[in-house]
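**Q** predicted model and sequence follow; I will ask about them next.
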Amino acid sequence: MILERIHKAQNGDDEAFLELFQKYEQDLYRMAFVYVKNQDDALDVLQETAYKAFKNIETLREPRYLKTWLIKIAISCATDLIRKRKNVVYLNQTDMELASKDSTDVTMTITMQQILETLDELEKSIVFLKYYSELTFKEIAELKDLPLGTVKTTLYRALAKLRVEMKGADLL
Amino acid sequence: MSNNIKSELEKIEIPAQLHDRVKLGVKQAKQEKLQEKKQPVKKLPPKRNKWKVGGIAAAAILTITLSSGFINPSMNQVLASTPLLGGIYEQFGDKMGMHLAEQNLVTQINQEVTKNGVTIKLTNVYFDGDVVSVTGVISGDLSKGHNEPGEVSMDVNFENNKGDNDPWLRGMSTDMQKSDGSYEFQWKMNYPYKEIKESYKLPITIHNINGIEGSWTFNVPVNQEASLARTLGHSQHYENEGVTVKLQELKQSKASSSLTFETITSFEGDYIELYKAEDENGKVLFHYENDTILTKSKEDDGYHHTLRKTFDQIAEGTKAITFYPSLTIADPTVQQKLDQNSFALESERTDLAIQVNKVTLEGDKLILDYEFQGLGENVSNHKFENIHHNLSYAFNLIDKDFIDKIDPENPFPPKGHSISRNEVKVIDKNNHQFQSVFDLKGEEKFENFLLEDTVLQLDFNSFIGNKELASFTVELPSQMGLRDGSLVP
């Protein structure tokens, strides 16, 4: 069924494409929101993601990678939008220090605000892909074009920033 | 833990117009595909959807959007007992509105104006602490306007102000929901003046909706019950940084608390943020809440700002609050005329410097080879990545004849005579050597480029981290808080 829809979409059938896209659009929207942090921009990112995905659906060779392919486009659109706005990433000494502190805090409940405000772009996307999209480290590494070790280190750093007591199982 | 993160991310609300926007993107791609079959076309950027009125800080929107995610268990009770009015605020995820509706502290106004086939009805207003909310409904034929189906934009002013020069628009947010052919909306504003009048009439004028001109005018009664204000009178001075924080007043309203404080800095543009506060039990009272700037002045002892921060109500019996300040310094932009092949650009207030070793003009590309000095040793990969990224925005190339024409209040580089982006390559990571390439005929164009007539500007601010200042604790006067819904002294 999915294969048939992808085939139709690749032949220019926009209805078939919309049916495929609809399955992922809420997840992609939340992903975009994590990056841009407001509804207007997240909607812009989704419109652009849908535009680019349909424009280039012929280039999708492996239908089983549809989801990660869409995530990749959404990440790229969100990052583009942030950069176009010239939202430079400020080096925050506090964040740097937090990352290296040995946290003795008790486990805290993580809030959305912490995720959005405390983490940088890369950390947010890895936290999102790991815990929301439930991708494996390997899938994240492939999607983000990063070494496996970097993905793990980045996640570790993000969780340290969130002052979460980590459970070993989450990093395996 | 992973479940906690996932459930927190799931609280991001899905806007009703999401699928329509996806369809728009697909429609645009489809049209272009069809055209491309006939002839190659240039891709048009997607049209921005203007749900909001100008001058809205993204952070303010975040606050509103997020509030939906923080409905605490006690809110279930509130919801159960306020089906109608509370529901209006519930749909916008506004827990403050829901609390106030529960306490019958929302005023129903029902003022309606129709112009050019479009009716705007303002329905409810509340005022708590320094937060003013107005809800309303837009109905009628919006198809005559410029916007695409599903898009709504409004041009609004308060108190007969004009354009963006309206203090009510600073930090204002708009939320909108489609409902049976009409649009329900909520505006949230921060009261922009230092002295809060607890009862007044707020004139509102909407100038156009989706480009449909008109003048929808209202005069809305805005009232709140007296808040309990406590003078704090605490002053915290940081000798090394030359800055002072003076806590003036903590106000308890029915559904929120607000803190008014003053900051004094020796340098213009330095910014002190009270980024976090905790009570004596370590409960976080706020974390990166927006400030409303109430006054600004230059006096003998420095630059003064009076600010107000609104946050959730603090608990009854709170004895002390610990504040965590941070300082962001403003480093002036430095510049150098490109009539030399090597030079140094030095930060005025830090040890950072860019030593330009070579300036090369190759066709339409200007290439700078330079070393970033003062970063210290052992720069982490993460920090280095950020530096690498930020360098692509840090430089401006500007025609010397246009430098004076840039408005300092709104410093946009002059179109056609400046380049503000560059591609950065790392040449030697260990020695912090980079190369920046400016495309003079790219997306931005530089007309009649001559090296000797061009000035290179550099803004170091994005390379300077916030400095965390020592936290301080303030004892609160006793009997602080609300009891049984009434204020106690």
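**A** Yep, it's here.
**Q** what is residue B:122 paired to in the beta sheet?
**A** Using DSSP bridges, the bridge partners assigned to residue B:122 are residue B:111, residue B:136.
**Q** need the contact list for it.
**A** Under the criterion of Cβ atoms under 8 Å, 6 or more residues apart in numbering or on different chains, the contact list for residue B:122 reads B:109-112, B:134-136, B:204, B:218, B:220. Quick note: C-beta positions are derived from backbone N, CA and C, even for glycine.
**Q** where is pLDDT lowest across these?
**A** pLDDT across the contacts of residue B:122 is lowest for residue B:110, at 88.
**Q** the helices in chain B, which residues?
**A** Taking DSSP state H as the criterion, chain B contains helices spanning B:2-9, B:18-38, B:58-67, B:74-81, B:85-91, B:95-102, B:381-394.
**Q** isn't residue B:475 right next to residue B:320, touching?
**A** Yes. Using Cβ atoms under 8 Å, residue B:475 is in contact with residue B:320, at 5.0 Å.
**Q** outline the domain layout of chain B.
**A** Following automatic domain parsing, chain B resolves into domains at B:48-223, B:228-329+B:468-487, B:334-463.
**Q** now check the last one, is it near chain A?
**A** Yes. In this structure, domain B:334-463 sits against chain A according to Cβ under 8 Å from any Cβ of the partner chain; the contacting residues are B:380, B:382-383, B:385-387, B:389-390, B:393-394, B:420, B:462-463.
**Q** I'd like the residues you listed written out as JSON lines, with distance to residue B:355 added.
**A** Formatted as JSON lines, the residues of domain B:334-463 next to chain A follow (distance: Cβ to Cβ, whole Å):
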{"residue": "B:380", "distance to residue B:355": "22"}
{"residue": "B:382", "distance to residue B:355": "24"}
{"residue": "B:383", "distance to residue B:355": "19"}
{"residue": "B:385", "distance to residue B:355": "22"}
{"residue": "B:386", "distance to residue B:355": "20"}
{"residue": "B:387", "distance to residue B:355": "15"}
{"residue": "B:389", "distance to residue B:355": "20"}
{"residue": "B:390", "distance to residue B:355": "18"}
{"residue": "B:393", "distance to residue B:355": "20"}
{"residue": "B:394", "distance to residue B:355": "15"}
{"residue": "B:420", "distance to residue B:355": "22"}
{"residue": "B:462", "distance to residue B:355": "19"}
{"residue": "B:463", "distance to residue B:355": "14"}
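**Q** for residue B:246, list the residues it contacts.
**A** Contacts were defined as Cβ under 8 Å, 6+ apart; by that measure residue B:246 touches B:234-236, B:261-264.
**Q** so where do the helices sit in chain A?
**A** Across chain A, reading from the start of the chain, the helices by DSSP H fall at A:2-10, A:14-36, A:39-55, A:66-84, A:93-100, A:112-118, A:121-127, A:137-144, A:148-161.
**Q** pick out the shakiest of those, pLDDT-wise.
**A** Of all these, helix A:93-100 has the smallest average pLDDT, which comes to a mean of 32.
**Q** outside of stretch B:358-365, which residues touch it?
**A** When contacts are defined by Cβ under 8 Å, 6+ apart, stretch B:358-365 is touched by residues B:338, B:340-342, B:366-369, B:437-442, B:451.
**Q** domains for chain A, by residue range?
**A** If you go by automatic domain parsing, chain A breaks into A:2-84, A:93-171.
**Q** the helices of chain A: which one's closest to residue B:327?
**A** The closest approach between residue B:327 and any of the helices of chain A, judged by Cβ to Cβ, belongs to helix A:93-100 at 10.2 Å.
**Q** how about the most centrally placed residue in chain A: what's its closest non-neighbour residue?
**A** Within chain A, one residue has its C-alpha closest to the average C-alpha position: by Cα atoms, centre = their mean, that is residue A:125, at 3.8 Å. Residue nearest to residue A:125 in three dimensions, not counting chain neighbours: residue A:75, with 6.0 Å by Cβ to Cβ, 6 or more residues apart in numbering or on different chains.
**Q** which of the domains of chain B comes out lowest on mean pLDDT?
**A** domain B:48-223 (a mean of 75).
**Q** now the nearest residue to residue B:471 once chain neighbours are set aside: how far from residue B:345?
**A** Closest residue to residue B:471 apart from its sequence neighbours, by Cβ to Cβ, 6+ apart: residue B:324 at 4.7 Å. In this view, residue B:324 and residue B:345 are 33 Å apart by Cβ to Cβ, to the nearest Å.
**Q** more neighbours: those two, which one.
**A** Ranked by neighbour count (other Cβ atoms under 10 Å in any protein chain shown), residue B:324 and residue B:345 place residue B:345 first, with 21 against 18.
**Q** so what's that one up against?
**A** Contact partners of residue B:345, counting by Cβ under 8 Å, 6+ apart, are B:334-336, B:353-354, B:356, B:456, B:458.
**Q** show me what it is bridged to.
**A** Under the criterion used here (DSSP bridges), residue B:345 is bridged to residue B:354.
**Q** state the distance from it to residue B:355.
**A** 8 Å.
**Q** kindly report the same for residue B:178.
**A** Applying Cβ to Cβ, the value for residue B:178 to residue B:355 is 57 Å.
**Q** more neighbours, those two?
**A** For residue B:178 against residue B:355, the residue with the higher neighbour count under other Cβ under 10 Å is residue B:355, and the figures read 17 against 14.
**Q** quick one, what contacts the more buried one?
**A** Taking Cβ under 8 Å, 6+ apart as the test, what residue B:355 contacts is B:342, B:344, B:370-371, B:373.
**Q** which one of those is nearest to chain A?
**A** Here the nearest of the contacts of residue B:355 to chain A, counting by Cβ to the nearest Cβ, is residue B:373; it sits at 16.0 Å.
**Q** could you give the bridge partners of that closest one?
**A** Checking residue B:373 by DSSP bridges, which sets the bridge assignment, gives partners residue B:353.
**Q** same check, this time on residue B:398
**A** Each beta-bridge partner of residue B:398 is listed here, defined by DSSP bridges: residue B:418, residue B:455.
**Q** for it, grab the count of nearby residues.
**A** By the measure other Cβ under 10 Å, the count of residues near residue B:398 is 22.
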